[in-house]
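A.B. asks: Kindly return the folded structure for what I paste below:
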Amino acid sequence: SNVVSAVTRQGLREIDRLYPLTVAEVDGGRSRPLPPVGEPDQVVRAHDSTFGVLLGFFEPWLVPLARTHNVTIVIVPAVGDFVEPGTPLFHVYGAGRIPERTLHAGIRLGPARTVEQDPLFALRLLVDVAVRALSPAVNDPYTGVQSLDRIAQLLTVIGGRDLGEGWRVDRSGEIRLWYATPNWDDYVLLAFSEIRAFGAGTMPIARRLRAVLLDLH
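C.D. replies: Residues are numbered from 1 along each chain as shown. Predicted coordinates for the structure are as follows:
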């Protein structure tokens, strides 16, 4: 219960961080900015010795960096993606050219995902708790139901947010940084597919899963 609650709290914080606009704000006329398109002026790739999961990016480093060089930086992989050597890390739009080493300092790679800047992984952990609870060796449907409760809580918040790509602005209000984010399909498929499979025939899970889906609808 403590793990499920802690993961949910972290996930809610990261949702607020990654999705700043609500659906109501967008429907109410607040315009959504569009990311840059076309060929970037600079492409920065992972070095031959660079690999691992993208754990997060440092906004206080990348935004002032983009402002100094008068460019817009796009982080190509999403947080939680595995980065292989040679894959594009950054697309830079604008005449200024940023040293690759300086850009590399704006992201953090590691051996495994964390919840930081990655609410999809928070959902992944809740699903893992439910699936393990539903295994024949454990047979603990109550914990599975607890996980579903928290999954519903996260999805209810996510469902009210505008899930387009994220951005950050500099102190003058100009967008300097873009980053990829998961969409609604990514969240829904992860949240329910495995629990449906492992919880088949377990009445408390079937009952709670149906209620969650109806509530979300």
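
A.B. asks: Just the residues contacting the lowest-mean-pLDDT helix or strand in the chain, thanks.
C.D. replies: Comparing every helix and strand of the chain by mean pLDDT, DSSP states H and E singles out helix 23-27 as the least confident one, with a mean of 78. Contacts of helix 23-27 from elsewhere in the structure, counted by Cβ atoms under 8 Å, 6 or more residues apart in numbering, are 32, 159, 160, 161, 162. (Each C-beta comes from the backbone N, C-alpha and C, glycine too.)

A.B. asks: Any buried residues in that helix, and which?
C.D. replies: Applying a neighbour-count criterion of 16 or more other Cβ atoms under 10 Å, one finds nothing buried in helix 23-27.

A.B. asks: downstream neighbour of that helix in the secondary structure list?
C.D. replies: Using DSSP states H and E, the helix or strand that follows helix 23-27 towards the C-terminus is strand 42-45.

A.B. asks: pLDDT of that following strand, averaged?
C.D. replies: In this model, strand 42-45 carries a mean pLDDT of 96.

A.B. asks: With only the CA atoms kept, save the next helix or strand along the chain from that strand in CSV.
C.D. replies: For strand 42-45, the following helix or strand on the C-terminal side (DSSP H and E) is strand 52-57. Extracted as CSV, the C-alpha positions of strand 52-57 are listed here (Å, rounded to 0.1, in the frame of the first residue of the first chain):
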residue,chain,number,x,y,z
GLY,A,52,21.1,4.0,-21.7
VAL,A,53,17.6,5.1,-20.7
LEU,A,54,16.8,8.8,-21.0
LEU,A,55,16.0,9.5,-17.3
GLY,A,56,15.3,13.2,-17.8
PHE,A,57,16.4,16.6,-19.0
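
A.B. asks: give the contact list for residue 145.
C.D. replies: Contacts for residue 145 (Cβ under 8 Å, 6+ apart) come out as 204, 205, 208.

A.B. asks: re earlier: can I get the least confident helix or strand of the chain in PDB, CA atoms only?
C.D. replies: The C-alpha atoms that make up helix 23-27 are tabulated as PDB, following Å, rounded to 0.1, in the frame of the first residue of the first chain:
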ATOM      1  CA  VAL A  23      -8.300  20.300 -22.000                       C
ATOM      2  CA  ALA A  24     -10.600  23.000 -20.700                       C
ATOM      3  CA  GLU A  25      -8.000  25.700 -21.300                       C
ATOM      4  CA  VAL A  26      -7.400  24.600 -24.900                       C
ATOM      5  CA  ASP A  27     -11.200  24.200 -25.600                       C
END
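
A.B. asks: what about the chain, any weak spots by pLDDT?
C.D. replies: Low-confidence segments of the chain (pLDDT under 70): 28-31.

A.B. asks: tell me the centre residue of it?
C.D. replies: Centroid check for the chain by Cα atoms, centre = their mean gives residue 118 as the closest residue, at 3.8 Å.

A.B. asks: How much space separates that one from residue 80?
C.D. replies: Here the criterion is Cβ to Cβ, to the nearest Å. By it, residue 118 lies 5 Å from residue 80.

A.B. asks: again, but for residue 101
C.D. replies: Remark: distance between residue 101 and residue 80 (Cβ to Cβ) = 24 Å.

A.B. asks: Sounds good, over and out.
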